[in-house]
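*Asks:* with the sequence up front, the predicted model follows.
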Amino acid sequence: MTVQDIRSFNRFYTNVIGALDYGRHLYAPYTLTESRVLYELAHSPRTDAVDLRTELSLDSGYLSRILNKFEQDGLVERAPSEKDPRRRRITLTARGRDAADLLDERARETVGSLLASVTPADRVRLAEAMRTVRTILGDGGGPRPQDVVLREPGPGDLGWIVQRNAALYAAEYGWNPDYEGLVARIVADFAEDHDPHLERVWIAESGGGRPVGCVMCVRDDAPGTARLRLLLVEPDARGLGIGDRLVEAVVGFARGVGYRDLVLWTNDVLSAARRIYQRHGFVLVSETPHRSFGADLVGQDWRLDLHGTQE
């Protein structure tokens, strides 16, 4: 990527924002920046002038002029902050909240019109691209532990599991498409026939709505035994404890529904995953050299006695 690439994108995106034209299409008396201040006042719990200036990256003099205009129009009230009298607390009046609500309604209509020309499939790609830009260029550059939640899979998530497993293991270990075929069969078997009371999938999702990890718990052929499968954490989300949370979810679920044992199969090269399994009480049962996925590997079987080990 070059500076010119970013400048070219900026020119394009400026034209897109211009198509929304806040002054003409949304609420004529207010500019885009004034509309942002109104929106923040309506939706943010932090309403001190200092917080507004920081959140919106505005010059203090510019923000002061906007707030003076809002006060003259009867949209806001200013008073000393309860926490710090040196600060000014800004609150919307009833008239100001009506203006913010109208602005929000018209913004939804305008953006909805913009999206109307985008196909459903392209909307998914667009949302993912926007999340990627925010993740890479936003504060922190990656997900934070407190923002990651574990949830059930939604539409498209099972396909994401196949795609990310194939892409990551090819990039990190050079595995060939045979591994993608294996993952696809595992996921397809779950999608076509599983008992929701005894089998589950977890998706770890970042605060921006992006999947950053996954794991499965399925029935094993041995009676009373569950199998942990397809544990994965995205590279930029590693080191946040997500792998531990996913394994903990499987162990808790398997124990809760009455399984006696939890087993898994992995390979010796996956050292980070092995350390997670060991932390949760899994014991190495056997090792077998094999050639799979275009590589010479050592397969490992691990087992956890769910009745004999309590987290």
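*Replies:* Done, it's in.
*Asks:* so what does the helix or strand residue 217 falls within touch, helix or strand wise?
*Replies:* Taking DSSP states H and E as the criterion, residue 217 maps to strand 211-219. Contacts defined by 3 or more Cβ pairs under 8 Å, 6 or more residues apart in numbering; DSSP states H and E place strand 211-219 against helix 157-173, helix 177-192, strand 200-205, strand 225-233, helix 242-256. To be clear about C-beta, it is placed using only N, CA and C from the backbone, and glycine gets the same treatment.
*Asks:* one more time with 6 Å, if that's ok
*Replies:* In terms of contacts (3 or more Cβ pairs under 6 Å, 6 or more residues apart in numbering; DSSP states H and E), strand 211-219 is packed against strand 200-205, strand 225-233, helix 242-256.
*Asks:* need those in TSV with mean neighbour count, mean pLDDT and distance to residue 47, can you?
*Replies:* TSV is the format used below for the helices and strands packed on strand 211-219 (neighbours: other Cβ atoms under 10 Å; pLDDT from 0 to 100; distance: least, Cβ to Cβ, whole Å):
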stretch	mean neighbour count	mean pLDDT	distance to residue 47
strand 200-205	22	95	29
strand 225-233	22	97	38
helix 242-256	19	94	34
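*Asks:* residue 294: which of the ones you listed is closest?
*Replies:* Between residue 294 and these, the shortest gap by Cβ to Cβ is with strand 225-233, which sits at 19.0 Å.
*Asks:* centre of the chain to that closest one, how far?
*Replies:* How far strand 225-233 lies from its chain's middle: 21 Å, per Cα atoms, centre = their mean, to the nearest Å.
*Asks:* got the contact list for that strand?
*Replies:* With contacts defined as Cβ atoms under 6 Å, 6 or more residues apart in numbering, strand 225-233 is touched by 165, 186, 213-218, 220, 242-243, 250, 254, 259, 261-264, 273.
*Asks:* return a ChimeraX selection command for the buried portion of those residues.
*Replies:* To isolate the buried members of the contacts of strand 225-233 in ChimeraX, using 16 or more other Cβ atoms under 10 Å:
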select :165,186,213,214,215,216,217,218,220,242,243,250,254,259,261,262,263,264,273
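*Asks:* and residue 31, which of the helices and strands packed on strand 211-219 is closest to it?
*Replies:* strand 200-205 (35.2 Å).
*Asks:* partner strands of the closest one, parallel or antiparallel?
*Replies:* Strand 200-205 has its sheet partners listed here by DSSP bridges as strand 149-151 (antiparallel), strand 211-219 (antiparallel).
*Asks:* now those in JSON lines, with mean pLDDT and distance to residue 2?
*Replies:* What follows is the strands paired with strand 200-205, written out as JSON lines (pLDDT from 0 to 100; distance: least, Cβ to Cβ, whole Å):
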{"stretch": "strand 149-151", "mean pLDDT": "91", "distance to residue 2": "37"}
{"stretch": "strand 211-219", "mean pLDDT": "95", "distance to residue 2": "29"}
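*Asks:* will you turn those into JSON lines that also has distance to residue 12?
*Replies:* As requested, the strands paired with strand 200-205 are exported to JSON lines (distance: least, Cβ to Cβ, whole Å):
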{"stretch": "strand 149-151", "distance to residue 12": "33"}
{"stretch": "strand 211-219", "distance to residue 12": "28"}
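*Asks:* quick revisit: mind checking which of the helices and strands packed on strand 211-219 is nearest residue 41?
*Replies:* Comparison of those against residue 41 by Cβ to Cβ identifies strand 200-205 as nearest, at 29.0 Å.
*Asks:* can you tell me the closest non-neighbouring residue to residue 246?
*Replies:* Excluding the flanking residues, the one nearest residue 246 by Cβ to Cβ, 6 or more residues apart in numbering is residue 215, at 4.1 Å.
*Asks:* show me the contacts for that neighbour.
*Replies:* With Cβ under 6 Å, 6+ apart, residue 215 has these contacts: 202, 231, 246, 250.
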